[in-house]
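[1] Model the structure of this input:
(one chain, ligands or ions: 1)
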Amino acid sequence: MSKRIVFTGGGSAGHVTLNLALIPHFLQRGWEVAYIGSTEGIERELVEKLDGVRYIGIATGKLRRYFAWKNFTDPLRVSKGAWQAYRFLADWKPNVIFSKGGFVSVPVVFGAWLNRLPVVLHESDLTPGLANRLSLPFADKVCVTFPDTLKHLPAGKGTHVGAIVREELKKGRKEQGLALCDFSPGKPVLLVMGGSLGAKRLNEVIRGTLDELLKQYSIVHICGKNQRDESLQRKGYKQFEYVQEELPDLLAITDLVVSRAGSNAIYEFLELQKPMLLVPLSLAASRGDQLLNARSFEQQGFCAVLQEEALNEASFLQALKSLADKRSAIAEKQRAAIGKPKDALAQVVAIIEEAAH
Ligand SMILES: CC(=O)N[C@H]1[C@@H](OP(=O)(O)OP(=O)(O)OC[C@H]2O[C@@H](n3ccc(=O)[nH]c3=O)[C@H](O)[C@@H]2O)O[C@H](CO)[C@@H](O)[C@@H]1O
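    Below you'll find the predicted structure:
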C-alpha cells in the first residue's frame, strides 16, 4: 500500500509556500497526499490548483490579541475543526503529518497526536509563532529556517535545514517581465511587495512618492487584494494585487526590492541576490516576528531596515537612497552567504520520511 502524508498550514501564503514546494516531491514518489486547510483561506485557492491532492476544509478560528465579536464564537469553530481533523485522520490513517503553522494547523496537530500519528513541524520565522508553540508538545521534529530558532526549542527536537526557495523563482525571463509590465529596458526596476496580504501604509507611501520614484525607477507594485488604484496607472508603474506564475519573470527584471519581512519572501530575495529595504510589520499589529527576521538579515549585511513606526515619505526616500548607495556592498554579502549551498528540501524530505517510519 502506498504511503500517505497530510500537509497542513494556512492563513497567509507564507504558511503554504513550503508545503507547495514539498507536495510534488511526495506525489512523484507515489505517496497519497491530503491537505487540511481552512474552508475559505488562501491555502484552499493555492492547493486546489494542484492535481492529485485531496483538500479537506475544516472550520477554523483565531486567537486574537484584540477585541472582536468573533472571539466568542471562534472557540466553537476551533472545536468543530478539531473534531473534523480528528475524524479525517482516524479514517484516512496517514503515515505522517507535516505542519507549516498558521492557526488552522493546531487542531490538526492535536488530532494527529490523539491518533498517535507522527508530526513534523516547520518554523520559518526566527522565533516560533503561536500556532507552532501550541503544537510543539505534540510534535516529533521541528525543521527551522534560521539557525538561532533552535535556541527557542526543546533540546534535540529541532533541526536547522535553512530556507527552501522554489526552483521556478530562479527561472524568470527578463523579456517576459518587461513585456508583462510594458517597461522600457534600461531603467532600474524597483519591486514593492507588501507580503502576501499587502501592506496599506507602505502602499500609501509608495503612492505619495510616486512622481519622485518614477524619475529614477520603473516600479512593480504588488499591493494586495482590492488595493489597486487605477487612477495612478501610468507608464513605468505596474500594479498587481497578487502574483503567482508571473513572479519569476518579475523577479528577473528587479534591481531593488522594498518588502515586508516575512521569512519566505526575504530568503527568496537573498537567494536571488536582490538588495532589499525591509519594512517589517509593526509591533502593534504583530508579535514582532518580522522585526526579528529583518534585524537578523540586517546584522548579516543583507538588507536595510525601516520600521513601520518611522515610515513616512521623507524617511522612505532617504532609506531607499541609502540602500541604492550600498547596493554593491549588500550584493557582496549576499553572494558570500549563498555560496554555501545547503539542500534544505532534501533534508526536510529525509526528516519526514524518517518520522513516517
Ligand atoms: C501578516 C503575517 O502574518 N505575516 C506573516 C506571514 O507572512 P507572508 O504570508 O507574507 O509570508 P512570507 O513573506 O514568508 O511569504 C510570502 C510568500 O508568498 C509569495 N508571494 C507573495 C506575494 C505575491 O504576490 N505572490 C507570491 O507568490 C512570496 O514569494 C513568498 O513565498 O508568514 C510569514 C512566515 O511565517 C511571517 O514571517 C509573517 O510575519
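
[2] Where do the helices of the chain begin and end?
    Counting by DSSP state H, the chain has helices at residues 17-28, 42-47, 70-92, 105-114, 130-135, 174-181, 200-208, 210-216, 247-253, 263-271, 289-299, 313-325, 327-338, 344-356.

[3] buried stuff in stretch 133-153?
    If you call a residue buried by 16 or more other Cβ atoms under 10 Å, then stretch 133-153 has these buried ones: 134-136, 138-146, 149-150, 152-153. For the C-beta atoms, the positions are set from N, CA and C on the backbone; glycine is no exception.

[4] Quick check: of those residues, which lies closest to A13?
    Using Cβ to Cβ, T145 comes nearest to A13 of these, at 15.4 Å.

[5] Surely the closest one and V161 touch.
    Yes - proximity of T145 to V161 meets the contact threshold set by Cβ atoms under 8 Å, at 7.3 Å.

[6] sorry, back to before: please tabulate the helices of the chain in a markdown table, including the columns mean pLDDT and distance to R4.
    Output for these, formatted as a markdown table (pLDDT from 0 to 100; distance: least, Cβ to Cβ, whole Å):
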| stretch | mean pLDDT | distance to R4 |
| --- | --- | --- |
| helix 17-28 | 93 | 9 |
| helix 42-47 | 92 | 16 |
| helix 70-92 | 89 | 7 |
| helix 105-114 | 95 | 12 |
| helix 130-135 | 94 | 20 |
| helix 174-181 | 97 | 38 |
| helix 200-208 | 95 | 41 |
| helix 210-216 | 97 | 50 |
| helix 247-253 | 98 | 31 |
| helix 263-271 | 94 | 26 |
| helix 289-299 | 96 | 32 |
| helix 313-325 | 97 | 47 |
| helix 327-338 | 91 | 35 |
| helix 344-356 | 95 | 9 |
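
[7] nearest to the ligand, of those?
    Nearest of the helices of the chain to the ligand, taken as Cβ to the nearest ligand atom: helix 263-271 at 3.2 Å.

[8] ok, and what's touching the closest one?
    By Cβ atoms under 8 Å, 6 or more residues apart in numbering, the list of residues contacting helix 263-271 from outside reads 13-14, 17-18, 124-126, 145-146, 163, 165-166, 169-170, 193, 195, 251, 257, 259, 276, 278, 289, 293-294, 297, 302-303, 334, 337-338.

[9] follow-up on the earlier one: got the helices of the chain as TSV, with distance to the ligand columns?
    Shown next, in TSV, are the helices of the chain (distance: least, Cβ to the nearest ligand atom, whole Å):
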stretch	distance to the ligand
helix 17-28	4
helix 42-47	8
helix 70-92	17
helix 105-114	11
helix 130-135	9
helix 174-181	13
helix 200-208	12
helix 210-216	20
helix 247-253	5
helix 263-271	3
helix 289-299	5
helix 313-325	19
helix 327-338	17
helix 344-356	14
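
[10] coming back round to it: anything in contact with each of T145 and V161?
    Residues touching both T145 and V161 (Cβ under 8 Å, 6+ apart): A344.

[11] What's the local residue count around the closest residue to the ligand within the stretch 251-357 of the chain?
    Using Cβ to the nearest ligand atom, the single residue of the stretch 251-357 of the chain nearest to the ligand is G262, 2.1 Å away. Using other Cβ atoms under 10 Å, G262 is surrounded by 28 other residues.

[12] thought it was touching G195?
    Yes - proximity of G262 to G195 meets the contact threshold set by Cβ under 8 Å, at 5.1 Å.

[13] tell me, what's touching these two both at once?
    Between them, G262 and G195 share the contacting residues S12, G14, judged by Cβ under 8 Å, 6+ apart.
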